[in-house]
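# What follows is a predicted structure for the sequence shown.
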Amino acid sequence: MIKIVKRDQPPRAIFFFTPVLAIFLTLVAGGLIFFILGFKPFEALKFFFIVPIADKYGFSELLLKATPLCLIAIGLSFCFKSNNWNIGAEGQLTFGAIVSGGVALLFYEQEGFYILPIVILAGAIGGMLYASIPAILKTYFNTNEILVSLMLVYVSKLILDYLVVGPWSNPEGFNFPETRQFSDSAKLPLLFEGLRIHAGIFLALAAVVISWFVFYKTYLGFQMKVSGFSLKTARYAGYKGKKMIILVFLISGACAGLAGVGEITGPIGQLHREISPDYGFTAIIVAFLGRLHPVGIIFASLVVAITYLGAETAQIFMQIPKYTGQVFQGMILFFLLASDYLLFFKIKFIGSKK
Amino acid sequence: MHKFLIRSFVSSLVLLFTLTVAAVAKDVKAAFVYIGPTGDHGWTYQHDVGRKAVEAAGFKTTYVEGVPESADAERVLRQLANSGHDVIFTTSFGYMNPTNKVAKEFPNVKFEHATGYKREHPNVSTYAARFYEGRTILGTIAGTMTKSNIIGYVASFPIPEVIRGINSFTLAAQKVNPNIKTKIVWAFTWYDPGKEAEAAKALIDQGADVIAQHTDSTAIVQMAEKAGVYAFGQASDMDKFAPKAVLTSVENNWGPYYVDRVKAVANGTWSQKDTWHGIGDGMVVISDLDSQMPADLRSKVKKLQADLASGKVHSFTGPIYDQKGNLMVAEGKTADDGMLAGMMTYVKGVEGDIPK
């Protein structure tokens, strides 16, 4: 007989073991799906997870893809740790990109070392402004931040649509929905000749280090942790909840805004309608897969990034439908949530009585 | 015995030679990059039909579907160029900059970009279809079949391609029925069944009894079927999705062009081109005409189709006036390709303003 018993305290080992288990189960289930679809499972998994990063170029693309995911997920972990459910990172990314892209267009065909820092800063401010809306509404009007932040995603995309179709569209571009290309001074420098990996990766790494420091070495980090466990306790301890809510949203928005900057001033080099393949939403999976721990998030962003690359490679070489990449992302989250059950409950096998 | 040996030796040599030539010629690999899923029954579906024609002609093909126009497009293109593909067709406008960027790095790979205008390197060609010719046919049908004299038109983005289609459609409808008005709803999407259906519904509510579309899903013809009004299929023959509503469809027929270009790569005769083909070249195809249309309209449409194909009739023949009554094209003149490519004003008879 099997009996399910609630645990008093989730053991730390299992806490870090379940994400690995989730990835393993995803691989098994993925292989099974490939088998059912009529592909050789091991070959398919090889094209999915190994071939895309087997050379220098592939590995640089992995880092390029993981950069925005890591940056956003770090920002989100500030919110999630403190019980603030910011689901709208995609909107903060978009709005950050709009503000920073607008500034970059102001400097069209101008050169100067001062341009890039202004463009980057503008993106962070844009993301913060946009994240402050759900934060302020939550603190002062008690609205649900999940709904507000999510709905604002669609608003930001419509603003972007309006701008690139209308006032910001390239005057020489036959009215196609895109802006001019940014000048070189408004673009993030590339790290290596011939590769697309750019200086934005340092922003992500800086975010990792800073967040680790804040989480584990500061009073704010402690407050966030307490609020995350129990809002009542936090209130009892006398923490000023409102200030913290706004602060974590601002940090989260800044990170998402910077991720937007990285895309448009990095590989894209202009504003158009599709600047992000839903990084803001995928980063939610990354944050949880990484257990809201800065180092965990680095690994999680690499794992999730590879599902994007692998889907392309698998379609090119094996004609596996590209949308399986999204299936993999969904499965990782599903198995993670499922295996989290083990955190709070343990399964006891009891010998049946004769 | 001796003779037999020689003969078989010679014939096997000949066979080997033909095989080698065939192998060399057919060794060309073509890749296709799609914006949507191959099952959209619209834009991407028709490109994939074209790809299958290339396969049928004996060439190997690869495709990648659902490639966003974000930073990902460049990686997919580079990967295709790197993995032995000789010609790459990029089938959405948003791939324009990545296509030119990757083309620079792979001078030996040919790139064919649909609907764009940038050919920055000698290995980049562009191609598009004169869909406005098909819309002249649709306008003629709509102007004849409408009873309310209000024709609805679901548009995607205010770019010359779409404005040109609206104008061509309206001019043709006015020719057979001077009282018609074309009402436009901008969906600001190429493919979003929900939004498209909503737009169609709004037009039907405003009294439109014929709906035309410049978006790709089948939602509009299905909405028209439900409301009991007429509609036209876009990109592929959509008759089976709304048999009563759909009078005909304008089909995008990329196959002949794709086969032609891949063969040119195989023969070494490929060169940079800007292609803009219409009904005459078979890139724009009119589906079967529905039997609900009166016989004289059907024969009129057939004749118009033949005249557009031969060049006897041009979709934009003067006099053409804009909404304010200013002359755009003088009597007896036709609009040139330069004017068509940059067309950003409505003709008289279209309601509303172009969104800015």
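Received, thanks. Numbering: from 1, shown residues only, chains lettered A, B, ... in the order given.

# where's residue 297, which helix or strand?
I went with chain A, as the question did not name one. helix A:294-318 (DSSP states H and E).

# was after chain B, sorry
Assigned by DSSP H and E, B:Leu297 belongs to helix B:295-310.

# and if you look at B:Asp48?
Assigned by DSSP H and E, B:Asp48 falls in helix B:43-56.

# What confidence value was assigned to the residue in chain A positioned nearest to chain B?
Closest residue of chain A to chain B, CB to the nearest CB: A:Pro267 (3.7 Å). All C-beta spots, glycine's among them, are computed from the backbone N, C-alpha and C. Looking at A:Pro267, its pLDDT reads 92.

# Any idea how many residues pack against it?
By other CB atoms under 10 Å in any protein chain shown, the residues close to A:Pro267 number 25.

# How about it: what's its closest non-neighbour residue?
Distances taken as CB to CB, 6 or more residues apart in numbering or on different chains put B:Ala71 closest to A:Pro267, at 3.7 Å, once the chain neighbours are dropped.

# How confident is the prediction for that neighbour, by pLDDT?
88.

# which residues touch residue 192?
Chain wasn't specified; assuming chain A. A:Ser60 (CB atoms under 8 Å, 6 or more residues apart in numbering or on different chains).

# that's the other chain; I wanted chain B
Per CB under 8 Å, 6+ apart, neighbours of B:Asp192: B:215, B:217.

# ok, now A:Phe281?
Per CB under 8 Å, 6+ apart, neighbours of A:Phe281: A:87, A:89-90.

# go on, A:Ile159?
A:94-95, A:98.

# host element of it?
Per DSSP H and E: helix A:145-165 holds A:Ile159.

# what are the C-alpha coordinates of that helix, in PDB please?
Extracted C-alpha coordinates of helix A:145-165, given in PDB (Å, rounded to 0.1, in the frame of the first residue of the first chain):
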ATOM      1  CA  GLU A 145      -1.000  42.300  -9.900                       C
ATOM      2  CA  ILE A 146      -1.300  39.100 -12.000                       C
ATOM      3  CA  LEU A 147      -4.200  40.400 -14.000                       C
ATOM      4  CA  VAL A 148      -2.900  44.000 -14.300                       C
ATOM      5  CA  SER A 149       0.700  43.000 -15.300                       C
ATOM      6  CA  LEU A 150      -0.600  40.400 -17.800                       C
ATOM      7  CA  MET A 151      -3.100  42.700 -19.500                       C
ATOM      8  CA  LEU A 152      -0.400  45.400 -19.800                       C
ATOM      9  CA  VAL A 153       1.600  43.000 -22.000                       C
ATOM     10  CA  TYR A 154      -1.100  43.400 -24.700                       C
ATOM     11  CA  VAL A 155      -1.200  47.100 -24.300                       C
ATOM     12  CA  SER A 156       2.500  47.400 -24.700                       C
ATOM     13  CA  LYS A 157       2.500  45.300 -27.900                       C
ATOM     14  CA  LEU A 158      -0.300  47.600 -29.300                       C
ATOM     15  CA  ILE A 159       1.800  50.700 -28.500                       C
ATOM     16  CA  LEU A 160       4.700  49.100 -30.300                       C
ATOM     17  CA  ASP A 161       2.500  48.300 -33.300                       C
ATOM     18  CA  TYR A 162       1.200  51.800 -33.400                       C
ATOM     19  CA  LEU A 163       4.600  53.300 -33.300                       C
ATOM     20  CA  VAL A 164       6.300  51.100 -35.900                       C
ATOM     21  CA  VAL A 165       3.300  51.300 -38.300                       C
END
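
# Tell me the residue of chain B that sits nearest chain A?
Closest point on chain B to chain A, by CB to the nearest CB, is B:Ala71, at 3.7 Å.

# what about that residue, distance to A:Leu203?
Taking CB to CB, to the nearest Å as the measure, B:Ala71 falls 16 Å from A:Leu203.

# was I right about the residue of chain A closest to chain B contacting B:Glu74?
Yes. With contact defined as CB atoms under 8 Å, A:Pro267 counts as touching B:Glu74 (6.4 Å).

# For these two, list the residues in contact with both.
By CB under 8 Å, 6+ apart, the residues touching both A:Pro267 and B:Glu74 are A:Arg196.

# quick revisit: give me the secondary structure label for the residue of chain A closest to chain B.
Look at A:Pro267: counting by DSSP: H, G, I helix; E, B strand; the rest coil, its state is helix.

# do B:His113 as well
Going by three-state DSSP: B:His113 is strand.

# For chain B, which segments count as helices?
B:2-26, B:43-56, B:72-82, B:96-105, B:131-145, B:160-176, B:193-205, B:219-227, B:255-267, B:295-310, B:337-341 (DSSP state H).
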